[in-house]
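Participant: Predicted model, plus sequence, below.
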Amino acid sequence: MAADPFRIRDHVADFDAIVGDIRARSLATRRTVPMEANIAYGAGPGETLDIFLPDSAGSDMPIHMFIHGGYWRMFSKEDYSCVAETITGAGAVAAIVDYSLMPTARMDVLVDQVLKAKAFLLAHADRFGATSKRFSVSGHSAGAHLATFLFHRSPASSGVGAAFLLGGLYDLEPLQRSFLRDEIALSDEEVRRFTPMRHEHDPATRVDIMTGERETGPFKIQANAFRDILAAQGLDVRASQVADGNHMSTVRDLAVLGTPVAAALHALIANDAGEEPSDHSSSDRRLA
């Protein structure tokens, strides 16, 4: 029987070691980077975020929101505090967001929560020394999926200058035939409403889609397809691949200075802030 391409543990031999490393890095980040924890962005349980500040905090700083992955059913903001190292290193305020988990909550709740978190940050950016005029987002895996709902096309601007999507899921239908069928049981209605490929997006948002070279086929196929859809909708979008990266090593490297993934996120934030972006070594070609 063929391995399920969506069961990440079956394709990443050191899955547990990488998760342990990410959590250890996150603990160190919470101890060393100036932060304000558990800020409520909504009234519901778990609707909180953590704010991390650059060493040279000032006024009118960029603000960047990160959404963690875990197939919408595991992990928390505390597990991914380490991503704030790269964000604050780029001179931005980092907002690491929590959301409810499936199957207890359904997809509409999760999407509504990240939209509330975005609205909170845009409304209160000055509280953290930031400006809503320089707002960007990122997410990994399920978090990349949720991040796409923050820059939908509407009569008003989405307010998202740039988005960094790492190892994302942009078509939910195949997941109904994966191991997740028994874990989150996506309904046909959820697939219809919450597949990013079926939506229109803000042409003013610049998008960077990245996957690991060693990701399984569906992640690469979906990244290519979503890139083409966004380009057809008029967005400035690039897709790139991390040499020898897998689904978990890439998100770990998001917090590791000097890696192509961290450099790409740093460049996206710096460019959105109007600075000269740093070069990075990940490929600027279509994903294979």
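Facilitator: In hand now; what should we look at?

Participant: Kindly confirm whether my reading is correct that D50 touches A37.
Facilitator: Yes. Between D50 and A37 there is a contact under CB atoms under 8 Å: 5.0 Å. Yep, even glycine has a C-beta here, placed from its N, CA and C like the rest.

Participant: which residues are common contacts for those two?
Facilitator: R30 (CB atoms under 8 Å, 6 or more residues apart in numbering).

Participant: Settle it for me: which of those two has more neighbours?
Facilitator: D50 (23 against 14; other CB atoms under 10 Å).

Participant: Return the set of residues that bridge with the more buried one.
Facilitator: Listed beta-bridge partners, D50: I96 (assigned using DSSP bridges).

Participant: Counting neighbours, which bits of stretch 97-104 end up buried?
Facilitator: For stretch 97-104, burial by neighbour count (16 or more other CB atoms under 10 Å) applies to V97, D98, Y99, S100, L101, M102.

Participant: How about the third one: what's its closest non-neighbour residue?
Facilitator: Spelled out, that is Y99. Among residues not flanking Y99 along the chain, Q113 sits closest, at 4.5 Å (CB to CB, 6 or more residues apart in numbering).

Participant: Over to the second one?
Facilitator: With CB to CB, 6+ apart as the criterion, D98 has its nearest non-adjacent residue at 4.3 Å, and that residue is K77.

Participant: Burial check on the residue nearest to G161 when sequence neighbours are not counted, number of neighbours?
Facilitator: Counting by CB to CB, 6+ apart, G161 lies nearest to D272, which is 4.4 Å off, once chain neighbours are set aside. Neighbour count of D272, defined by other CB under 10 Å: 23.

Participant: Please point out which parts of the strand or helix carrying the residue nearest to Y99 sit buried.
Facilitator: According to DSSP states H and E, Q113 maps onto helix 107-124. Applying a neighbour-count criterion of 16+ other CB under 10 Å, one finds M107, L110, V111, D112, Q113, V114, K116, A117, K118, F120, L121, L122 buried in helix 107-124.

Participant: What of stretch 55-63?
Facilitator: So for stretch 55-63, counting by 16+ other CB under 10 Å, buried means M61, P62, I63.

Participant: wait, which of these is closest to R7?
Facilitator: Among the buried residues of stretch 55-63, I63 lies closest to R7 (CB to CB), at 35.0 Å.

Participant: So that closest one, which state does it fall into?
Facilitator: strand (DSSP: H, G, I helix; E, B strand; the rest coil).

Participant: Among the buried residues of helix 107-124, which pair sits farthest apart?
Facilitator: For the buried residues of helix 107-124, and using CB to CB, no pair is farther apart than M107 and L122, which are 22.9 Å apart.

Participant: Do you have the strands of the stretch 51-200 of the chain handy? List them.
Facilitator: 61-67, 93-97, 130-140, 162-166 (DSSP state E, counting those that start in this stretch).

Participant: May I see these organised as TSV, with distance to A243 added?
Facilitator: Formatted as TSV, these follow (distance: least, CB to CB, whole Å):
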stretch	distance to A243
strand 61-67	23
strand 93-97	26
strand 130-140	18
strand 162-166	15
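
Participant: show me what contacts G70?
Facilitator: L101, S141, A142, G143.
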